[in-house]
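J.: I'd like to go over a predicted model; first the sequence, then the structure.
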Amino acid sequence: MRIVVLVSGTGSNLQAVIDAVKAGELDVEIAAVGADREGTYGVERSSEAGLETFVVNFNSFPTRTEWDEALTARVASYSPDVVVSSGFMRIVSAEFIETFNGRYLNTHPALLPAFPGAHGVRDAMAYGVKVTGCTVHWADAGVDTGPIIAQEAVAVEDADTEESLHERIKVVERRLLVSTLAALAAAAPPN
Ligand code: GAR
């Protein structure tokens, strides 16, 4: 199973995938890692791991549509079986979703459909929930919507800050992302 991973930030979930592949625990080929901006640690650590990387910089395009077309073409050029949004903080177009029809995987730090968006951890804390968690799902054209594949709960502690809670969620999220990819790879027909 060939995957392209999209990141916007540090890429610690991506690192878990890279580690699992290197350890022989995850049978996927990371065809490339891409970002929507320059200077992400996610791309840096991927280059260090010897992976193909690319940037389709959102700010270099006059319109969102042109950026989206460039991103879609670049990702498609790797012929991925699955595209993984691993902390990719841009909404993609319906055309992107259509191109990778049912094959765009997203990971989110809340129990969807609760608390979608860019601040899932902050919003859950602000609401005062006692349990939150993470979700791996097939993304559709909405914001953090689409069929759920796997979820796991994480308790909110009284002393939590957004950072401490997010870090505990990410520990679970990394494992969930790797196990989900492993299950998909096991189910995928051989090339
Ligand atoms: C992850 O917690 C991911 O779920 C979240 O960004 C973080 C990226 O961490 N994504 C979203 O909030 C999408 N709505 P990482 O760069 O360390 O993997």
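T.: Cool, got the structure. Bear in mind that the values here come from a model prediction, so they are computed numbers and not experimental data.

J.: With only the CA atoms kept, save stretch 77-88 in PDB.
T.: Provided in PDB are the C-alpha atoms of stretch 77-88 (Å, rounded to 0.1, in the frame of the first residue of the first chain):
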ATOM      1  CA  SER A  77       1.800  12.000  -9.300                       C
ATOM      2  CA  TYR A  78       2.900   9.500  -6.600                       C
ATOM      3  CA  SER A  79      -0.100   7.300  -7.400                       C
ATOM      4  CA  PRO A  80      -1.000   6.700  -3.700                       C
ATOM      5  CA  ASP A  81      -3.400   4.100  -2.500                       C
ATOM      6  CA  VAL A  82      -4.100   6.200   0.500                       C
ATOM      7  CA  VAL A  83      -3.400   9.900   1.300                       C
ATOM      8  CA  VAL A  84      -3.000  10.600   5.000                       C
ATOM      9  CA  SER A  85      -3.700  14.000   6.600                       C
ATOM     10  CA  SER A  86      -1.500  13.800   9.600                       C
ATOM     11  CA  GLY A  87      -1.800  17.300  11.200                       C
ATOM     12  CA  PHE A  88      -2.500  18.800   7.700                       C
END
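
J.: Rounded mean pLDDT for it, please.
T.: Average pLDDT, stretch 77-88: 98.

J.: And for stretch 58-68?
T.: 97.

J.: Please apply the same query to stretch 95-104.
T.: Stretch 95-104 shows a mean pLDDT of 95.

J.: is any part of that stretch close to the ligand?
T.: No. Figure legend: stretch 95-104 not in contact with the ligand (C-beta under 6 Å from any ligand atom); closest approach 12.7 Å. No exception for glycine: its C-beta is placed from N, CA and C like everyone else's.

J.: low-confidence ranges in the chain?
T.: Along the chain, the model assigns pLDDT under 70 to residues 189-191.

J.: near the ligand, which residues of it?
T.: So far as C-beta under 6 Å from any ligand atom goes, the chain lies against the ligand at 7, 9-14, 42, 86-87, 107-109, 118, 120, 144, 170, 173.
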